[in-house]
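Asks: Here is the input, now give the coordinates:
(chains A, B, C and D)
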Number of protein chains: 4
Amino acid sequence: MTADRFAPTPADRFSFGIWTVGWQGVDVFGPAVRPPMPADRAVRKLAELGAYGVNFHDNDVFDFDATDADRDKRIAEFRQALADTGLVVTTATTNLFSHPIFKEGAFTANDREVRRFALAKVMRNLDLAAELGASVYVCWGGREGAESGASKDVRAALARYKEAFDVLGQYVIDRGYSLRFAIEPKPNEPRGDILLPTAGHALAFINELEHPELVGINPEVGHEEMAGLNYARAISQALWHGKLFHIDLNGQNGPRYDQDLRFGAGNARGAFWVVDALEAGGYDGVVHFDFKPPRTEDDRGVWDSAAACMRNYLILREKVRAFRADPDVQQMLRDARVEQLAVPTLADGETWRDVAGFMPDIAALAERGMAFERLDQLALEHLYGVR
Amino acid sequence: MTADRFAPTPADRFSFGIWTVGWQGVDVFGPAVRPPMPADRAVRKLAELGAYGVNFHDNDVFDFDATDADRDKRIAEFRQALADTGLVVTTATTNLFSHPIFKEGAFTANDREVRRFALAKVMRNLDLAAELGASVYVCWGGREGAESGASKDVRAALARYKEAFDVLGQYVIDRGYSLRFAIEPKPNEPRGDILLPTAGHALAFINELEHPELVGINPEVGHEEMAGLNYARAISQALWHGKLFHIDLNGQNGPRYDQDLRFGAGNARGAFWVVDALEAGGYDGVVHFDFKPPRTEDDRGVWDSAAACMRNYLILREKVRAFRADPDVQQMLRDARVEQLAVPTLADGETWRDVAGFMPDIAALAERGMAFERLDQLALEHLYGVR
Amino acid sequence: MTADRFAPTPADRFSFGIWTVGWQGVDVFGPAVRPPMPADRAVRKLAELGAYGVNFHDNDVFDFDATDADRDKRIAEFRQALADTGLVVTTATTNLFSHPIFKEGAFTANDREVRRFALAKVMRNLDLAAELGASVYVCWGGREGAESGASKDVRAALARYKEAFDVLGQYVIDRGYSLRFAIEPKPNEPRGDILLPTAGHALAFINELEHPELVGINPEVGHEEMAGLNYARAISQALWHGKLFHIDLNGQNGPRYDQDLRFGAGNARGAFWVVDALEAGGYDGVVHFDFKPPRTEDDRGVWDSAAACMRNYLILREKVRAFRADPDVQQMLRDARVEQLAVPTLADGETWRDVAGFMPDIAALAERGMAFERLDQLALEHLYGVR
Amino acid sequence: MTADRFAPTPADRFSFGIWTVGWQGVDVFGPAVRPPMPADRAVRKLAELGAYGVNFHDNDVFDFDATDADRDKRIAEFRQALADTGLVVTTATTNLFSHPIFKEGAFTANDREVRRFALAKVMRNLDLAAELGASVYVCWGGREGAESGASKDVRAALARYKEAFDVLGQYVIDRGYSLRFAIEPKPNEPRGDILLPTAGHALAFINELEHPELVGINPEVGHEEMAGLNYARAISQALWHGKLFHIDLNGQNGPRYDQDLRFGAGNARGAFWVVDALEAGGYDGVVHFDFKPPRTEDDRGVWDSAAACMRNYLILREKVRAFRADPDVQQMLRDARVEQLAVPTLADGETWRDVAGFMPDIAALAERGMAFERLDQLALEHLYGVR
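Replies: So this is what the prediction gives:
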């Protein structure tokens, strides 16, 4: 049928975390169901599927306690796969959450030695990230939090969190790296409450940094939806602040455990508005997927789910563009006065004096209909593909 | 028994919204169950109970379509009650959500005339607020949102939202009022998704304003908990930013409709940490309650629930102070190295060079226990009153 | 365009509550935005749109305190509209939640007089329901609950709830009515916790009744999703028990206030599986919509949203049928061994002795892939309309 | 101090799962932080702390793939520890969720061989359970579910689920074991949606079994609260049905990942009502804790958290009894007419004819206050320990 127009190419700039297709299925209730996947295999397979780039944690490529020789060998294999396939390292990150040393946090661990080690671990991987050409460095503080109230002094923790970004910002500047940081918020899991729980909290935090220009956010669909928040709106607000440095697309079914479903699964309507928000807002970063192939899947299922992430994005992109180009939609947007919101409330040169005492036709405004249901139904029919 | 030490006095600086005790019980499924309460009656009764101040919407005092004469009469009665009782107007706000004209928003309504009228309505009440001595002006944008994706251009809406605060900030400056604004975030209800859904989003937004120093936040217990977020942490982050201008205390049982239970009801452990965060963070504003006496209550129940808000705060304040003063707690905080988090990660004069390559005793740190369960159990026993 | 095949006809057996299109927009934060709608107008407009039937509360047709003459007049107008249009009364119900008398419950109110009055009110409307030809009588116990723990003895409340259905069951039998009851569960709102909070709790309750055969359930999309539950699974379990007597279709975005969006809005993927579950399970009742046109809409918006409920159902029905008829889907269902689940675990004549000690090829079963991602992607592409 | 009266003894009948204190801290984001704990060590330590009994999965005692010799050795060690300490095996269960073979379910796996193996695995452990004197056999179907709509035929799955309980019921009867089954519901995690998601769904399911008398439920605090449901009400409804065969106490903070906090942590007010519901409802089973010591804890923290579960129960039990014995509470219960709910709505000998047309004093009932806020405040003050 219509498969071709939804086949991804590197021009679409899709990227994946090595840890996504490499997830072995370990969860709280059971061990691995799939064998380990070397980073170079992930690269080769993703390239076959049409991806553009990859993101990696240091310990996706080599083990936490790898010897230098092991480390070099695994990095060399990874680089070779990149060279062979043309896949780009768009993004990198540090695993500051798996090893037991980080069980109580990394940048905001109560123990100062852990914090110092965390900085060192990030710096070492920043070198590798820069060397491999990454332009974004994601920071997900998965263990930066607490299960109980007194165990963490939140204001002190924010001060230490700020300190970490100030130190790392200076590191990047001093090293001359063209890397920018993207903070990935999450409300909870694996900690009871995580610091910087939503896109908003992270955006607010950035304003306190010494180099706020170096730091933006990397909101994830599922993380915002775990708090019942609207992800499309999160990225729109981030774009408004000029801070949408990266995105993590996947699927989730509302407040519950972090599902990391493939993009498109979960909140299907939400996904439509996500693509619309990215298109409308002029997002120019990579389109990154951070999902986990369910534990029911074998190796074939892993690649099927990865391919579907990209395919669903392309399907939705076509739909979103058709929606915005549809004359009926454009008429309905006018009926809903959506574009009127772009008109400043005060005309050029007006001040508060010009609206003080302003009295419109209250009865008429009270009775007006907004035509939102018709407009939304048109959007839904574009999602359905029946227009 | 021990009632006396939990009896509020004006020195405790407790305040209530007129609309709280005045709520008649109208909800989506049923009409009023209690008669209207004139603002002056609310003032007199709250004073009897030991409150310090009140907060009011313009239309708590006079109707939306009151004639000037009616308006003056109702304000005079309100003022008289204040004068008679010594109750202070600590805070004021504008009702921009009840009248059908605001059904699609106020500051961010698609219709420009609504936005202009909203500004005018606020300015008029700012005059009254200033005249009555309020120092904080709360802005809850309850209808600033949407149920559907295309009906609201989020980036344009944020631009208009910013414009409103820029205009109103200028108004306050030009008028010489010593009023500061406090934005009250809420994730949803009565709109499907509300702009600035959490404390974090509002804090981020403020940084884009022309007069950010004039604007802080007014987070509400229930609003944050509707998103599954930890309210004590929200106020701690706001304090860290220097932006906790006001608080709305009440009770909620997690993600569901906005319950507005009396403070103490709902998340009882959360309430303990809220009071602890306020005490520890040096919050010096009024302690404001924004609750609704359940529809099951008659007039006596209204005042019982209002009194209980204050009483519960005082009980929790005593507990929190005892917790922090308890030598066993202090020892356990040391065992948990909580105070170590206040020590900068880099020593004075150190740079990233001093931590690059830092390698602690990994095995020892991996094995260390944090003593958080013991610490949290002590907190719980203080809540229980068994220590 | 494809409009014609999605135009509803009475053969589709779509029905609406009079209170849905008649909702005036009163919520906790604002008054009515639309004028009252007489029941007869609702009937005439719904007939124009292609509906088959209606459901009504007694007080949708006449006021709580109507005189007998008023009541008769309003019923006569309602009947005339039914006669003129051919619309059928499929279902009826009693308003036991709006009047202040029911603020603390009806069948389970602590006050016995309220319980007795509630029974009388239902019986009177059962007469009207029978007279108008309804075959299902819905019971939503919206106020049967509590905000606080001691105010309701849950076991006593369940005993009274049972008593109510036992009395009403006997009433229907004695009167010779061919009416069956359908309990509508809801977890909360307007009460903090409502009795029989989910489809499961109601199904369990029914087994304790004197006439369980007379009572089934009427699960609502939004009510189950407010608890984060999967509605399609709720109706599948109800069908398995032979207890799906009625359905309330609408839209919701997870745990939050009761949104009552039009069917199709909200959880779009969920809606696909809902229609699939109804088709697959042989549901033969009416397809009923219980939604609220958002407060932003005027009269035209009301009818647009009502029409869209039916249209979306027909669109999804076509998709679901295409999905099940698709040979690729059928192959993938085989790959996923879905049909194998219909094969009893024990063969005919086998007992536990035949499986005791059973040892399959563990390694092979551990490695097997389920092909669920491929299967789910096919379903999603049917929803998208790209297959 | 008041420690003594909260020290548990075997007479309190507290029990723990071996897997609770034995949890090594593996989660989706990190590996084990604590060494494995042999079952016999868990038994000895729990006995020291004052526990009465234990619950175990087969694979808590021996590995999935243990040889018969290994199995016998580990069981012997376990038995010796039981004999040495006097601890009782109150309950047993089967691990049908960890091994990759169960990744898609056990009793309801699509693959029939998995279902047959699951039955065999349960039967083998039922023998051990009976031998060790357990009287309850818990069944948590953690993997019985799906992430996607078509991968599971829910009605067929329920039929297989029923078949499993019918077969196992017959097994227990034929073997002459005095064991009863307790189904443990959970809404999600580790599967997207789990069959029998709440206490209600499980109670409904039981009515379809061949031997319903052999099967009850084992509701868990956190599992119900993950769906936003009130656990105290769940156990009250289960008691009303005569089906509360076992309880799993722990702590949770609303809809999010399964936290398994120690009992008392999480929803502190909820815990008060849980103990009240158990006391009031005459629950006579063991008081079982199913929690996980957070990953931040070392061995000492593990035992601290286990001890705190019991201590908190005893503290709350004292409070609940004081609450019910408090004359002010008793008066307020009368004011709230709580006991009136125990009075049948129809008097002895009355039929529906006696209430048809019943008309109370509507105005008086509409105005009545319920005194619920006063009553609830008394309960809260008992929780606080200030009465």
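Asks: Could you see whether chain C lies near stretch A:15-31?
Replies: No: Stretch A:15-31 lies out of reach of chain C by Cβ under 8 Å from any Cβ of the partner chain, never closer than 10.3 Å. C-betas here are computed from N, CA, C, even on glycine.
Asks: do stretch A:203-223 as well
Replies: No: Stretch A:203-223 does not reach chain C (Cβ under 8 Å from any Cβ); its nearest approach is 12.6 Å.
Asks: Could you work out the end-to-end span of that stretch for me?
Replies: In stretch A:203-223, first residue to last residue: 15 Å (Cα to Cα, to the nearest Å).
Asks: Buried residues, that stretch. List them.
Replies: If you call a residue buried by 16 or more other Cβ atoms under 10 Å in any protein chain shown, then stretch A:203-223 has these buried ones: A:203-209, A:211, A:214-223.
Asks: got a list of what residue A:365 touches?
Replies: B:100-101, B:111, B:113-114, B:117 (Cβ atoms under 8 Å, 6 or more residues apart in numbering or on different chains).
Asks: Looking at those residues, which two lie furthest apart in space?
Replies: Based on Cβ to Cβ, the longest span within those runs between B:100 and B:113 and measures 13.9 Å.
Asks: C-terminal to the longest helix along chain A, what's the next element?
Replies: Longest helix in chain A, counting residues (DSSP state H): helix A:299-325. Proceeding N to C from helix A:299-325, the next assigned helix or strand is helix A:327-335, under DSSP states H and E.
Asks: Now find how far off-centre that next one is within its chain.
Replies: 31 Å (Cα atoms, centre = their mean, to the nearest Å).
Asks: Select from the buried residues of stretch A:203-223 every entry located in helices.
Replies: Those of the buried residues of stretch A:203-223 lying in helices (DSSP H): A:203-206, A:221-223.
Asks: how about the residue of the stretch 101-250 of chain A found nearest chain D, what does it touch?
Replies: Nearest residue of the stretch 101-250 of chain A to chain D (Cβ to the nearest Cβ) works out as residue A:189 at 4.2 Å. By Cβ under 8 Å, 6+ apart, the contact list for residue A:189 reads A:226, A:257-258, D:256-257.
Asks: sorry, back to before: give the buried residues for the longest helix of chain A.
Replies: A:299, A:301-320, A:323-324.
Asks: For the residue of chain A found nearest chain C, list the residues it contacts.
Replies: Nearest residue of chain A to chain C: residue A:385, at 2.2 Å (Cβ to the nearest Cβ). Contacts of residue A:385 were listed using Cβ under 8 Å, 6+ apart, and they are A:319, C:384-386.
Asks: which one of those residues is nearest chain D?
Replies: residue C:384 (14.6 Å).
Asks: Write out the residues of the stretch 1-150 of chain A neighbouring chain D.
Replies: So far as Cβ under 8 Å from any Cβ goes, the stretch 1-150 of chain A lies against chain D at A:25-33, A:97-100, A:102-104, A:142-143, A:147-148.
Asks: Only the buried subset of these, as a ChimeraX command please.
Replies: Buried subset of the residues of the stretch 1-150 of chain A next to chain D, written as a ChimeraX selection, criterion 16+ other Cβ under 10 Å:
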select /A:25,26,27,28,29,30,33,97,98,99,100,102,103,104,142,143,147,148
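Asks: can you list the weak-confidence ranges in chain A?
Replies: A:1-3 (pLDDT under 70).
Asks: all strands for it, in order.
Replies: For chain A, the strands defined by DSSP state E occupy A:14-17, A:53-57, A:88-93, A:136-140, A:145-146, A:180-184, A:193-194, A:215-217, A:248-249, A:287-289.
Asks: packing partners for the last one?
Replies: Identification of packing neighbours for strand A:287-289 by 3 or more Cβ pairs under 8 Å, 6 or more residues apart in numbering or on different chains; DSSP states H and E yields strand A:14-17, strand A:248-249, helix A:299-325.
Asks: related to what we said a few turns ago, show me which of the buried residues of stretch A:203-223 neighbour chain B.
Replies: A:203-205, A:207-208.
Asks: Farthest-apart pair in the residues you listed, please.
Replies: A:203 and A:208 (11.0 Å).
Asks: about what we covered before: just name the closest of the contacts of residue A:189 to chain B, please.
Replies: residue D:256 (6.0 Å).
Asks: Spell out the residue ranges of the helices in the stretch 1-150 of chain A.
Replies: A:18-21, A:39-49, A:58-61, A:68-85, A:112-131 (DSSP state H, counting those that start in this stretch).
Asks: ok, stretch A:227-246 near chain D or not?
Replies: No: remark: stretch A:227-246 sits outside contact range of chain D, by Cβ under 8 Å from any Cβ, the gap being at least 8.6 Å.
Asks: Residue A:227 and chain B, how far apart?
Replies: 5 Å (Cβ to the nearest Cβ, to the nearest Å).
Asks: Burial check on that residue, number of neighbours?
Replies: As a burial measure, residue A:227 scores 26 neighbours (other Cβ atoms under 10 Å in any protein chain shown).
Asks: ditto for residue A:133
Replies: Residue A:133 has 14 nearby residues by other Cβ under 10 Å.
Asks: List the contacts of the nearest residue to it once chain neighbours are set aside.
Replies: Spatial nearest neighbour of residue A:133, excluding adjacent residues (Cβ to Cβ, 6 or more residues apart in numbering or on different chains): residue A:89 at 5.6 Å. Counting by Cβ under 8 Å, 6+ apart, residue A:89 makes contact with A:53-56, A:82, A:129, A:132-134.
Asks: ranking those by neighbours, who comes first?
Replies: residue A:54 (31 neighbours).
Asks: What residues does that one make contact with?
Replies: Contacts of residue A:54 (Cβ under 8 Å, 6+ apart): A:15-18, A:42-43, A:46, A:82, A:87-91.
Asks: Which of the residues you listed sits closest to residue D:291?
Replies: residue A:17 (32.3 Å).
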